[in-house]
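Participant: Fold the following, please.
(2 chains)
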Amino acid sequence: MDDLYREIIIERYKNPSHRGRLDPHDIQFADNNPLCGDHIEITLRTAADGTIEDARFEGHGCAISQASADLLLDSVIGKSLEDVRRLNKQDVLDLLGIELGPVRLKCALLSLKVLKAGAYGLGEASDELVE
Amino acid sequence: MSLDLNNIRKDFPALQRETSAGVPLVYLDSTATSQKPLAVIGAMNDFYRHSNANIHRGVHTLAEEATALYEGAREKVAAFINAPSARQIIYTRNTTESINLVAHTWARANLKAGERILLTEMEHHSNLVPWQILQTERGVELDFIPVTEDGLLDLDAYKTLLARTPKLVAFTQMSNVLGTINPAAEMIRLAHQAGAIALVDGAQSVPHFRVDVQALDADFLAFSAHKMCGPTGVGVLYGKEDLLESMPPFLGGGDMIKEVKLRSFKPNSLPYKFEAGTPAIAEAVGLGAAVDYLTEVGMDHIAAHEHEITEYALERLEEIPGVKLFGPSADKKGGVAAFTLEGVHPHDVAQILDRDGIAVRAGHHCAQPLHEKFGIPATSRASFYLYNTKAEVDLLANGIYKVKELFG
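Facilitator: Residues are numbered from 1 along each chain as shown, chains lettered A, B, ... in the order given. Next up, the predicted model:
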């Protein structure tokens, strides 16, 4: 079965490396997946040149949504906000190492949507950010 | 008498399939929509192959046949819920549209700002949002009968809330999450005593046990065909005749009129007054076939079977460490088991069960306020119908053990 519930996903879900909230922070953004009620908040601390120094997420949801948030933050710490703005759907799927149907794709992409909305300084997150 | 499950299962082609090679379907999502028996699929198929025509005004053979089938189904539905007359059976798209019809017509004609509607905390969004729209538009006030910790309506609080003299009490006869079967007859009696009329959301009750609108003395009853072995796209609003007569029409267009001039129209008589445009004709015929099917099996037999399955399911799920069930005990509920599994999100539970062919639903089941009340974002929900077996409940329990193992 466990192409979808790969060990890394279960492991990150149960023992995330980046769960929490940075206070103070430079960037904060949160959003829900209205379909399942998944919720992700991301807080970032950035250097003057836009390098992400630290990142944390809070929230609740399925293993896919929470593990993808943790893996995503793992991958962006040390990168610039400009790099974050260039991330897309495939980058998240590569991190997870799985293929997803349309319903679960929304779970996997919620954290990227939140992260990019924060990186762009948007008032509202839109699905276009993760297409 | 118990149901002949082998034969019943043979009536439902979808139950014969596998979800992947060697994995038979275990369908535990009938609360969302039921599977369809051959009798229903065949009736709709026959209609399109043989009798398809638009209904009412046509004089040719097919139009007459189609009209007779469409109206015949209405008679069957009327008998099924013991309505005094088929004139009181309004075809809609579904339960949601039936409730919206009452909100658009009766409520707009009868409710003024500051007047009250009494709902419950266990309502489906379809019996919340139409009234919230009215609240915004008309300034009517909403009250809610609270749900107790064990998933029952607080009837003492109900009596207190009735003292605020609501004009309408609208409640579900059976919760789609908790499974709670509410004491509808008693609640309607109390509503009438307080001078209110009562709308019953029968989406979950009409498919599963005998509902008699005259015994209940319900003013309105709303339900959907697709949860009772019928097709999607057709639902029913039953109403008391004087109420329906006094209500303004709903949608305007063909069929709902008696006479049209350039600047005015006269509405048609019941039930056509509320049925504008070409309706879902084949679907209504399918609903008629579903009613015949359920009647032949026997609603009391179906209810008894579901009770047995539910009792067994609650017993099997309760013994699994980490499983928390929502709703009352089996004697107070229908065939619904909503649960959480400690440490695992309901979507993951549903997804992993799906690998074993087990179809359950995960989410807030269109009852977000109820989930908030219990402090959870979502539940997994297994639900049962006439075709489910104890062996399927065992597969569900085994599946949940597998989920636990995977999440360690």
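
Participant: contacting residues around the residue lying closest to residue B:404 once chain neighbours are set aside?
Facilitator: Distances taken as CB to CB, 6 or more residues apart in numbering or on different chains place residue B:322 nearest to residue B:404, at 6.5 Å, with adjacent residues excluded. Backbone N, C-alpha and C define where each C-beta goes, glycine included. By CB atoms under 8 Å, 6 or more residues apart in numbering or on different chains, the contact set of residue B:322 is B:341, B:342, B:343, B:404.

Participant: what's the spacing between the second one and residue B:323?
Facilitator: For residue B:342, the distance to residue B:323 equals 8 Å [CB to CB, to the nearest Å].

Participant: more neighbours, these two?
Facilitator: residue B:323 (19 against 10; other CB atoms under 10 Å in any protein chain shown).

Participant: hey, where'd the helices end up in chain A?
Facilitator: Ranges of helices in chain A, per DSSP state H, are A:7-14, A:63-76, A:81-85, A:89-96, A:102-120.

Participant: What is the shortest one packed up against?
Facilitator: For helix A:81-85, the contact count by 3 or more CB pairs under 8 Å, 6 or more residues apart in numbering or on different chains; DSSP states H and E identifies helix A:102-120 as packing neighbours.

Participant: Could you figure out how far the helix it packs on is turned away from helix A:7-14?
Facilitator: Helix A:102-120 and helix A:7-14 are oriented at 60 degrees to each other (axes from the mean of the first three to the mean of the last three CA atoms, to 10 degrees).

Participant: Can you show me the CA trace of helix A:102-120 as PDB?
Facilitator: Only the C-alpha atoms of helix A:102-120 are listed here, as PDB (Å, rounded to 0.1, in the frame of the first residue of the first chain):
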ATOM      1  CA  PRO A 102      -7.000  15.700  -7.300                       C
ATOM      2  CA  VAL A 103      -8.500  15.600  -3.800                       C
ATOM      3  CA  ARG A 104      -5.300  14.800  -1.900                       C
ATOM      4  CA  LEU A 105      -3.300  17.200  -4.100                       C
ATOM      5  CA  LYS A 106      -5.000  20.000  -2.300                       C
ATOM      6  CA  CYS A 107      -3.900  18.600   1.000                       C
ATOM      7  CA  ALA A 108      -0.300  18.400  -0.300                       C
ATOM      8  CA  LEU A 109      -0.200  21.900  -1.800                       C
ATOM      9  CA  LEU A 110      -1.800  23.800   1.100                       C
ATOM     10  CA  SER A 111       1.600  24.600   2.700                       C
ATOM     11  CA  LEU A 112       3.100  25.800  -0.600                       C
ATOM     12  CA  LYS A 113       0.100  28.000  -1.100                       C
ATOM     13  CA  VAL A 114       0.400  29.500   2.300                       C
ATOM     14  CA  LEU A 115       4.200  29.900   2.000                       C
ATOM     15  CA  LYS A 116       4.000  31.600  -1.400                       C
ATOM     16  CA  ALA A 117       1.200  33.900  -0.400                       C
ATOM     17  CA  GLY A 118       3.400  34.900   2.500                       C
ATOM     18  CA  ALA A 119       6.500  35.400   0.300                       C
ATOM     19  CA  TYR A 120       4.500  37.600  -2.100                       C
END
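
Participant: Can you point out the buried residues in that helix?
Facilitator: Residues A:104-119 are the ones in helix A:102-120 that count as buried (16 or more other CB atoms under 10 Å in any protein chain shown).

Participant: For stretch B:74-92, buried residues please.
Facilitator: For stretch B:74-92, the neighbour count (16+ other CB under 10 Å) marks B:74, B:76-78, B:80-81, B:83, B:86-92 as buried.

Participant: Show me the shaky parts of the chain.
Facilitator: Assuming you mean chain A. Along chain A, the model assigns pLDDT under 70 to residues A:1-2.

Participant: right idea, wrong chain: chain B
Facilitator: B:1.

Participant: got the contact list for residue 5?
Facilitator: With no chain named, the answer covers chain A. Neighbours of residue A:5 in contact, by CB under 8 Å, 6+ apart: A:63, B:348, B:352, B:406.

Participant: ah, no, chain B please
Facilitator: Residue B:5 neighbours (CB under 8 Å, 6+ apart): B:387, B:389.

Participant: on that earlier part again, so which of the buried residues of stretch B:74-92 is the closest to residue A:70?
Facilitator: residue B:92 (46.5 Å; CB to CB).

Participant: Which phi and psi values does the most far-flung residue of chain B relative to its centre adopt?
Facilitator: Largest separation from the mean C-alpha position in chain B: residue B:262, at 39.7 Å (CA atoms, centre = their mean). Taking degrees, to the nearest 10, you get phi -60, psi -40 for the backbone angles of residue B:262.

Participant: Count the residues that sit near residue B:329.
Facilitator: Residues lying near residue B:329 (other CB under 10 Å) number 12.

Participant: separation between it and residue B:313?
Facilitator: Distance from residue B:329 to residue B:313, counting by CB to CB: 12 Å.

Participant: Would you mind listing what in chain A touches chain B?
Facilitator: Listed as neighbours of chain B in chain A under the rule CB under 8 Å from any CB of the partner chain: A:1-2, A:4-5, A:10, A:13-14, A:35-39, A:60-64, A:66, A:104, A:107.

Participant: which residues of the stretch 101-250 of chain B fall in helices?
Facilitator: Under the criterion DSSP state H, counting those that start in this stretch, the stretch 101-250 of chain B contains helices at B:108-110, B:129-138, B:155-162, B:184-193, B:213-216, B:241-246.

Participant: I'd like to know which of those is closest to residue A:47.
Facilitator: helix B:129-138 (46.7 Å).

Participant: quick check, that closest one touching chain A?
Facilitator: No: Helix B:129-138 lies apart from chain A when judged by CB under 8 Å from any CB; the minimum separation is 14.0 Å.

Participant: Does that helix pack against any helices or strands, and if so which?
Facilitator: Under the contact criterion of 3+ CB pairs under 8 Å, 6+ apart, helix B:129-138 touches helix B:95-102, strand B:116-120, strand B:141-145.

Participant: what angle do that helix and strand B:116-120 make?
Facilitator: Angle, helix B:129-138 to strand B:116-120, by the same axes, to 10 degrees: 160 degrees.

Participant: Dump the buried residues of stretch B:74-92 to JSON lines, plus secondary structure and distance to residue B:226.
Facilitator: Formatted as JSON lines, the buried residues of stretch B:74-92 follow (DSSP: H, G, I helix; E, B strand; the rest coil; distance: CB to CB, whole Å):
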{"residue": "B:74", "secondary structure": "helix", "distance to residue B:226": "17"}
{"residue": "B:76", "secondary structure": "helix", "distance to residue B:226": "16"}
{"residue": "B:77", "secondary structure": "helix", "distance to residue B:226": "14"}
{"residue": "B:78", "secondary structure": "helix", "distance to residue B:226": "19"}
{"residue": "B:80", "secondary structure": "helix", "distance to residue B:226": "15"}
{"residue": "B:81", "secondary structure": "coil", "distance to residue B:226": "17"}
{"residue": "B:83", "secondary structure": "coil", "distance to residue B:226": "20"}
{"residue": "B:86", "secondary structure": "helix", "distance to residue B:226": "21"}
{"residue": "B:87", "secondary structure": "helix", "distance to residue B:226": "24"}
{"residue": "B:88", "secondary structure": "helix", "distance to residue B:226": "21"}
{"residue": "B:89", "secondary structure": "strand", "distance to residue B:226": "17"}
{"residue": "B:90", "secondary structure": "strand", "distance to residue B:226": "17"}
{"residue": "B:91", "secondary structure": "strand", "distance to residue B:226": "13"}
{"residue": "B:92", "secondary structure": "strand", "distance to residue B:226": "12"}
